[in-house]
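Participant: Build me a structure from this.
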Amino acid sequence: MEENNKRLNVGVFICHIDTEYVRNMCNGILHAAEDMDVNVIFFPGMYVSAYYDPTHLAEYDYQLNTIYDYAIRSHIDILIISLGTIGPFIDYSDISSFINKYKDSTIIIMEEEITERNCLAIDNSIGFRACLKHMIVDHGYKKICFVNGKHNNHDSAERLSIYLEMMKKYNLPTDASMTPYGNYSKYCDATIEKLLDKNPDTEAICFANDYMAEAGYRVLKKRGLEIGKDIAITGFDNASFSNTLSPPLSTVGISIQELAYRAVIEGITIFNGGAMTCRSIPSKFIRRSSCGCNSEQTNLYMQCSQSIDDYINVATDNIMFHSQSKLLYNALRPVIADLFSAYYDYDGNNHTLIEFQDIITKLRTASWSKYIQTEQLHYYLHDFILKIMDQTNDPKRKSALNLALIDLLSSSINDKSWKLYSIPIDFMNIRWISSGIMRDSLIYNSDTDIFLEKILEKIELLGITSSYIYLFDAPVIHNLMDEWKRPSHARLVAYSDHDKKVVLNSDDSIISVREIFNNTYAYRPYQHIKTIYNLFINEEQYGFFICENDIDKQYAAYTVSIEISSALKYSNMNHRLMNISTTDELTRLDNRRGFFEKVNNMILTHIGHEALLFFADLDGLKLINDTFGHEEGDYALMSAATILHKSFRRDDIVARLGGDEFIAFALSGNATIIDQLKERIHTHTMEMNSSSNVPYYIEMSYGYTSFVCSSDVLLEEMIKEADHSLYENKKFKRVNPFREPQQ
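Facilitator: Model (predicted):
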């Protein structure tokens with residue numbers, strides 16, 4: 001079909017959306033997509049070459065990385081690859097072959113520098129150098145240790161290099177005991193204990209991320225050391241919790257949101273024939289109390305004059321994740337101005353505390369609030385009120401501002417409490433609703449349509465607006481060291497589109513994997529976000545699940561994909577066990593047992609309906625076996641099965657009874673359906689004989705009988721009637737099946 005109104009599709013390769021870093025990255029991408037009116041499709045895999053990591057214990061996570069191949073020639077105009085999240089263990093000698101698979105898309109590489117590629121990274125050096133200079137020059141610390149991240153990691157090597165460079169610049173001593181590796185883990189307590197035991201005179205510790213710094217807080221407090229006074233600590237990344245630690249953590253701030261936002265902008269520019277305008281985003285040092293600074297030194301408005309506009313500009317710039325979006329700035333600044341102006345003039349009488357909370361609520365509930373740091377608003381208001389109190393000599397006004405400050409703190413505590421309370425409820429709801437998918441697979445195992453409808457209902461309950469379930473014709477076995485070969489097509493078996501839920505059974509739902517984001521069912525006239533997940537258990541892949549949802553629903557969508565996979569595994573195993581006893585091994589049609597079970601059930605559930613019983617045998621099977629061998633005989637039987645399978649309808653039941661005998665059952669035994677069947681069998685037989693290069697004709701003799709379904713019908717008696725009709729038909733057939741006379 002034609003491109004969706006020429007709106008660009010931006011694909012994004014990321015690791016699982018289970019960390020704050022990746023969620024922030026996705027947030028930046030979605031912000032840019034909204035501003036630029038482009039679609040986004042997330043491909044959340046695991047680490048490329050994750051199985052090379054000896055600490056990685058999830059045996060079948062390699063299956064998740066096959067998701068990236070669905071971006072190959074699949075109408076992805078711009079592809080953003082987050083090498084920082086998917087590539088920690090990648091073999092960089094082979095990175096080009098990985099990237100080249102997607103050469104039909106405009107590619108932007110994030111977080112790493114790859115030769116001759118369009119790359120966008122964060123300059124960690126600027127913020128970390130400023131941090132170390134502040135510790136050395138402003139505070140005068142001389143014994144500064146550094147807890148690094150991982151061995152053989154690009155970011156770890158860069159941060160260690162900057163640390164050693166700055167220590168050397170100021171003639172400060174270092175040795176290996178001062179730079180241990182904490183593996184970027186918030187549980188690196190033992191590493192920090194060992195560092196302090198070997199370096200008891202340590203004055204400050206810089207950590208390569210905030211999670212390890214959090215571990216440092218635990219260890220130091222356990223030793224009775226007061227952070228910011230007895231020993232200084234700094235972190236890296238400015239994680240959301242860093243400002244909530246006691247004391248607040250000084251850290252190096254990196255704006256992954258800005259990096260991701262910029263990646264979309266650069267991708268669109270290059271796609272439209274322009275040149276890349278930005279290749280790095282600077283980091284910055286964020287001064288708080290853990291490094292030893294006092295409250296005056298850490299006030300957020302330390303450099304501001306007494307102009308209200310200065311305060312408003314500083315707050316607006318810092319509450320935004322970045323300053324790239326003029327649309328957001330123009331929406332946010334007037335609200336900040338209203339709020340700050342009200343506090344600036346507050347004397348206890350001209351405004352009420354409820355008015356302040358109303359403005360804060362307006363800001364937090366705005367459609368664009370997801371693209372700002374709402375939790376930072378309280379910090380900037382807090383420091384702003386303190387500044388106003390310092391500037392006034394009126395005791396009544398100071399008292400009123402102090403009450404406003406208490407109200408603000410109370411509001412902040414309530415907000416955080418609600419978030420902590422709501423998170424376990426959300427997770428509980430997701431687990432409770434999604435677990436129903438497996439339960440429904442047990443209840444409705446015999447009725448696939450109802451089971452699929454139940455899945456769509458569960459997905460809707462989780463707040464996922466639209467979803468698509470694609471299945472392969474049969475499970476694809478993909479073992480660890482095998483090369484993954486993407487199937488050429490998949491069947492869309494069910495989809496939901498807001499209130500519309502559809503289960504599909506027609507051949508029209510067979511979709512080329514190149515068209516999974518650009519077909520009639522996937523078309524969306526509006527800007528949208530989609531995520532694709534593999535459906536697999538162990539080495540078996542069953543298909544994939546695509547959903548349209550916001551980033552906060554990604555965990556729910558991933559959980560659904562796991563539950564669908566488990567249900568498909570159970571269903572597949574159950575069908576295999578059933579097929580062993582009800583399927584003919586050669587032709588894969590039903591065998592005698594399978595036919596009798598299904599037809600008897602159909603008769604009892606369709607009392608009063610007309611039905612047709614069709615009986616056939618393959619002409620000349622014994623002569624074919626005796627003359628050309630049993631392999632040719634098997635081919636003839638499979639060809640006959642194909643003719644019958646094509647001639648009957650999807651809901652009809654076709655089986656091989658054994659030997660050369662076939663049987664079929666169809667509802668509605670009127671003359672019209674019989675004539676249609678005869679015509680279809682004749683047509684497919686002619687096609688088979690004209691296309692097959694074998695020395696014999698594939699032909700069948702057949703007979704049939706009609707009856708009305710009732711509880712009194714004896715299937716064996718109906719077969720005898722059809723068999724009698726067959727032998728009447730056989731009188732008019734050729735003596736032998738050979739195309740040429742046999743010697």
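
Participant: CA atoms for contacts and neighbours, from now on please.
Facilitator: Will do.

Participant: Measure how buried residue 602 is and give me the count.
Facilitator: Under the neighbour criterion other C-alpha atoms under 10 Å, residue 602 is assigned a count of 17.

Participant: did I read that right, it in a helix?
Facilitator: Yes. Residue state for residue 602 (DSSP: H, G, I helix; E, B strand; the rest coil) corresponds to a helix.

Participant: List the contacts of it.
Facilitator: By C-alpha atoms under 8 Å, 6 or more residues apart in numbering, the contact set of residue 602 is empty.

Participant: With residue 630 instead?
Facilitator: So residue 630 contacts residue 624 (C-alpha under 8 Å, 6+ apart).

Participant: could you measure residue 695 against residue 739, distance?
Facilitator: Remark: distance between residue 695 and residue 739 (C-alpha to C-alpha, to the nearest Å) = 6 Å.

Participant: So for those two, which residue has more residues nearby?
Facilitator: The neighbour comparison of residue 695 against residue 739 (other C-alpha under 10 Å) goes to residue 695, with 16 against 10.

Participant: what about the helices in the stretch 601-743 of the chain?
Facilitator: 621-628, 630-647, 671-691, 715-730 (DSSP state H, counting those that start in this stretch).

Participant: would CSV of the ones you listed with distance to residue 363 and mean pLDDT be doable?
Facilitator: CSV is the format used below for these (distance: least, C-alpha to C-alpha, whole Å; pLDDT from 0 to 100):
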stretch, distance to residue 363, mean pLDDT
helix 621-628, 81, 90
helix 630-647, 63, 92
helix 671-691, 67, 89
helix 715-730, 73, 84
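
Participant: and these, which is most packed in?
Facilitator: helix 630-647 (a mean of 19; mean count of other C-alpha atoms under 10 Å).

Participant: CA atoms of it as PDB?
Facilitator: Presented in PDB, the C-alpha positions along helix 630-647 are these (Å, rounded to 0.1, in the frame of the first residue of the first chain):
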ATOM      1  CA  HIS A 630       6.600 -46.800  -2.700                       C
ATOM      2  CA  GLU A 631       8.300 -43.300  -2.700                       C
ATOM      3  CA  GLU A 632       6.300 -42.500  -5.900                       C
ATOM      4  CA  GLY A 633       3.300 -44.000  -4.300                       C
ATOM      5  CA  ASP A 634       3.700 -41.700  -1.300                       C
ATOM      6  CA  TYR A 635       4.000 -38.700  -3.700                       C
ATOM      7  CA  ALA A 636       0.800 -39.700  -5.400                       C
ATOM      8  CA  LEU A 637      -1.000 -39.900  -2.100                       C
ATOM      9  CA  MET A 638       0.300 -36.500  -1.000                       C
ATOM     10  CA  SER A 639      -0.800 -35.100  -4.300                       C
ATOM     11  CA  ALA A 640      -4.300 -36.500  -3.900                       C
ATOM     12  CA  ALA A 641      -4.400 -35.000  -0.400                       C
ATOM     13  CA  THR A 642      -3.400 -31.600  -1.800                       C
ATOM     14  CA  ILE A 643      -6.200 -31.800  -4.500                       C
ATOM     15  CA  LEU A 644      -8.800 -32.500  -1.900                       C
ATOM     16  CA  HIS A 645      -7.500 -29.900   0.600                       C
ATOM     17  CA  LYS A 646      -7.700 -27.200  -2.100                       C
ATOM     18  CA  SER A 647     -11.100 -28.400  -3.300                       C
END
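
Participant: contact partners of stretch 269-287?
Facilitator: 77-78, 106, 118-128, 130-131, 250-255, 258-259, 262, 266, 293, 298.

Participant: Quote the end-to-end distance of that stretch.
Facilitator: Stretch 269-287: ends 36 Å apart by C-alpha to C-alpha.

Participant: now swap in stretch 601-618 and tell me
Facilitator: 27 Å.

Participant: Residue 327: neighbouring residues, count only.
Facilitator: 11.

Participant: same thing with residue 357?
Facilitator: 15.

Participant: so it is in which element?
Facilitator: Assigning secondary structure by DSSP states H and E places residue 357 in helix 353-365.

Participant: avg pLDDT for that helix?
Facilitator: The average pLDDT for helix 353-365 rounds to 86.

Participant: any residues touching the helix or strand following that helix, and which ones?
Facilitator: Per DSSP H and E, the first helix or strand lying C-terminal to helix 353-365 is helix 374-391. With C-alpha under 8 Å, 6+ apart as the contact definition, helix 374-391 has outside contacts at 299-301, 311, 315, 318-319, 340, 343-344, 364, 398, 401-402, 405, 408-409, 412.

Participant: Repeat that for stretch 302-314.
Facilitator: 296, 301, 333, 336, 337, 340, 341, 344, 384.

Participant: Which strands border the longest strand belonging to the chain, and is each parallel or antiparallel?
Facilitator: In the chain, with assignment by DSSP state E, the single longest strand is strand 466-477. When sheet partners are counted by DSSP bridges, strand 466-477 sits next to strand 489-497 (antiparallel), strand 540-548 (antiparallel).

Participant: Could you export those strands as CSV, including mean pLDDT, mean neighbour count and distance to residue 571?
Facilitator: Shown next, in CSV, are the strands paired with strand 466-477 (pLDDT from 0 to 100; neighbours: other C-alpha atoms under 10 Å; distance: least, C-alpha to C-alpha, whole Å):
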stretch, mean pLDDT, mean neighbour count, distance to residue 571
strand 489-497, 91, 22, 15
strand 540-548, 93, 23, 11
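
Participant: that older thread, out of the contacts of stretch 269-287, which sit inside strands?
Facilitator: Among the contacts of stretch 269-287, DSSP E puts 78, 106, 119, 120, 121, 122, 123, 250, 251, 252, 253 in strands.

Participant: what's the most distant pair in those?
Facilitator: 106 and 250 (38.4 Å; C-alpha to C-alpha).

Participant: With neighbour numbers in mind, choose between those two.
Facilitator: residue 250 (29 against 20).

Participant: so that one bridges to which residues?
Facilitator: Assessed by DSSP bridges, residue 250 has beta-bridge partners residue 234.

Participant: My read is that it contacts residue 235, right?
Facilitator: Yes. Using C-alpha atoms under 8 Å, residue 250 is in contact with residue 235, at 6.3 Å.

Participant: In CSV, list the C-alpha atoms belonging to stretch 355-366.
Facilitator: Below are the C-alpha coordinates for stretch 355-366, written out as CSV (Å, rounded to 0.1, in the frame of the first residue of the first chain):
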residue,chain,number,x,y,z
GLU,A,355,-4.3,29.2,44.3
PHE,A,356,-0.7,28.1,44.3
GLN,A,357,-1.6,24.4,44.3
ASP,A,358,-4.1,25.0,41.5
ILE,A,359,-1.3,26.4,39.3
ILE,A,360,1.0,23.5,40.2
THR,A,361,-1.8,21.0,39.4
LYS,A,362,-2.3,22.8,36.0
LEU,A,363,1.4,22.4,35.2
ARG,A,364,1.5,18.7,36.3
THR,A,365,-1.6,17.7,34.4
ALA,A,366,-0.8,19.5,31.1
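
Participant: residue ranges of the helices in the stretch 451-600 of the chain, please?
Facilitator: For the stretch 451-600 of the chain, applying DSSP H, counting those that start in this stretch gives helices covering 554-582, 592-605.

Participant: next one: the stretch 151-300 of the chain
Facilitator: 154-169, 189-198, 210-222, 256-271, 295-298.

Participant: can you give me the angle the second one makes with helix 210-222?
Facilitator: Angular relation of helix 189-198 and helix 210-222 on a 0 to 180 degree scale: 60 degrees, by axes from the mean of the first three to the mean of the last three C-alpha atoms, to 10 degrees.

Participant: got the CA positions of helix 189-198 in CSV?
Facilitator: C-alpha atoms of helix 189-198 as CSV (Å, rounded to 0.1, in the frame of the first residue of the first chain):
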residue,chain,number,x,y,z
ASP,A,189,29.2,-2.3,49.0
ALA,A,190,32.0,-4.9,49.3
THR,A,191,34.1,-3.0,46.7
ILE,A,192,33.7,0.3,48.6
GLU,A,193,34.5,-1.4,52.0
LYS,A,194,37.7,-2.7,50.5
LEU,A,195,38.6,0.7,49.0
LEU,A,196,38.2,2.4,52.4
ASP,A,197,40.2,-0.3,54.2
LYS,A,198,43.1,0.2,51.8
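
Participant: Fine, thanks again, bye for now.
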